[in-house]
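K.L.:
Turn this into a structure:
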Amino acid sequence: RVAETIGLDGLTISLRGTNVATWLKDDGLKLDPEVQAIGYTTLTTPPVESYTVGVNLKF
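P.N.:
Modelled structure (predicted):
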């Protein structure tokens, strides 16, 4: 009824997550799993945990 009062015809809410469940199984691991086997790493940004929320209103 609130939607009808303000003239809302549709509502869509979306949630997207990236790297939300990234973990390391072995706590005793001494090596970084993101570094290449040769030991060299490049200057890239590590993967980050991020969330995106979207709201779409239709009047």
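K.L.:
going forward, measure contacts and count neighbours with C-alpha atoms only.
P.N.:
OK.
K.L.:
wait, is residue 28 part of a strand?
P.N.:
No. Counting by DSSP: H, G, I helix; E, B strand; the rest coil, residue 28 falls outside a strand, being coil.
K.L.:
Give me the number of neighbouring residues for residue 6.
P.N.:
Burial of residue 6 is recorded as 9 neighbouring residues (other C-alpha atoms under 10 Å).
K.L.:
Likewise for residue 38?
P.N.:
There are 6 residues near residue 38, going by other C-alpha under 10 Å.
K.L.:
which SSE is it in?
P.N.:
Of the helices and strands defined by DSSP states H and E, none includes residue 38.
K.L.:
So which residues of this structure form helices?
P.N.:
2-6 (DSSP state H).
K.L.:
Look up how far residue 55 lies from residue 4.
P.N.:
18 Å (C-alpha to C-alpha, to the nearest Å).
K.L.:
How much space separates residue 53 from residue 7?
P.N.:
23 Å.
K.L.:
Report the buried residues of stretch 2-17.
P.N.:
For stretch 2-17, a neighbour-count test (16 or more other C-alpha atoms under 10 Å) marks nothing as buried.
K.L.:
which outside residues touch that stretch?
P.N.:
Residues outside stretch 2-17 that contact it (C-alpha atoms under 8 Å, 6 or more residues apart in numbering) are 49, 50, 51, 52, 53, 54, 55, 56, 57, 58, 59.
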